[in-house]
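1. coords please:
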Amino acid sequence: MNRRMFATALVAACAAWPAAQAAPSVTQLADAMLAQMGRTTAVTLGTGEHVVDVFFDPNCPYCHQLYDDLQPWVGKHGLVQRWIPVAVLSPSSAGKAAAMLQSADRARALARNEDDFGASRRAGAGGARVPAAQVSAATRAELARNLQVLHAAGAYFAFPLMVWRDRAGQAQMFLGAPRDAAQLRALLATVR
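-> Next up is the predicted model:
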């Protein structure tokens, strides 16, 4: 995701903010999202006290790139990755996200979607997870809450979207996949 696309997306998010208030900063948007993370349902990778939340669509190629880039970090330095599925990019996104959330092993279901990304004829384009044949009412509600948390902050414009608190306690947000390993390392070094 280039800076121009990010700037356009941020302008769109700010335009959606209530007119009686000044346009929010990136920190305010991230803080609004982090305040509601308890309402989300995620696929958790790693254990520890340093948490980064990642909103993703199962069919998003940039999300797939970030997933691959973050794999070496799973379980290192106490980093916890919470992958929060939303379904917005294609008709199969909801079924694929539901298949992950309804799986007995969500981490394995996420890995299956990403490890064979773009290579499954049965799953269609994008993620390799075959969409759930039936989506339970509970899962539909979980996906709706995930999207509501994203929309509540006005930051519903592109994926992946990472949010976290930095070492100083400030809310941070990064839109898109980092351009290289050095940028990703620098971002992760700030996670509280």
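
2. does Leu188 count as helix, strand or coil?
-> Per DSSP: H, G, I helix; E, B strand; the rest coil, the secondary structure class of Leu188 is helix.

3. Quick one: residues contacting it.
-> Residues counted as contacts of Leu188 (C-beta atoms under 8 Å, 6 or more residues apart in numbering) are Val52, Trp73, His77, Leu79. C-beta: built from backbone N, CA, C; applies to glycine.

4. Would you check that Gly118 makes contact with Gly126?
-> Yes - using C-beta atoms under 8 Å as the test, Gly118 is close enough to Gly126 to be in contact (6.7 Å).

5. okay, the two: which has more neighbours?
-> Between Gly118 and Gly126, counting by other C-beta atoms under 10 Å, Gly126 is the more crowded of the two (22 against 13).

6. mind checking how far the closest residue in space to the more buried one that isn't next to it in sequence is from Ala132?
-> Nearest residue to Gly126, sequence neighbours excluded (C-beta to C-beta, 6 or more residues apart in numbering): Asn59, at 2.9 Å. Computed with C-beta to C-beta, to the nearest Å, the distance linking Asn59 and Ala132 is 14 Å.

7. Those two: who's more crowded?
-> Between Asn59 and Ala132, counted using other C-beta under 10 Å, Asn59 has the larger neighbour count: 26 against 18.

8. re earlier: between Gly118 and Gly126, which contacts overlap?
-> In terms of C-beta under 8 Å, 6+ apart, Gly118 and Gly126 are both contacted by the residues Pro61.

9. hmm, who's touching the helix ranked longest in the chain?
-> Ranked by residue count and defined by DSSP state H, the top helix of the chain is helix 137-152. By C-beta under 8 Å, 6+ apart, the surrounding residues in contact with helix 137-152 are 32-33, 36-37, 39-41, 55, 84-88, 94, 97-98, 101-102, 132, 156, 161.

10. What average pLDDT does that helix get?
-> When pLDDT is averaged over helix 137-152, the result is 93.

11. Run through the neighbouring helices and strands of the helix or strand following that helix.
-> On the C-terminal side of helix 137-152, the nearest following helix or strand under DSSP states H and E is strand 161-165. Using 3 or more C-beta pairs under 8 Å, 6 or more residues apart in numbering; DSSP states H and E as the contact definition, the elements that strand 161-165 packs against are helix 26-34, strand 50-56, strand 171-175.

12. That'll do, ta.
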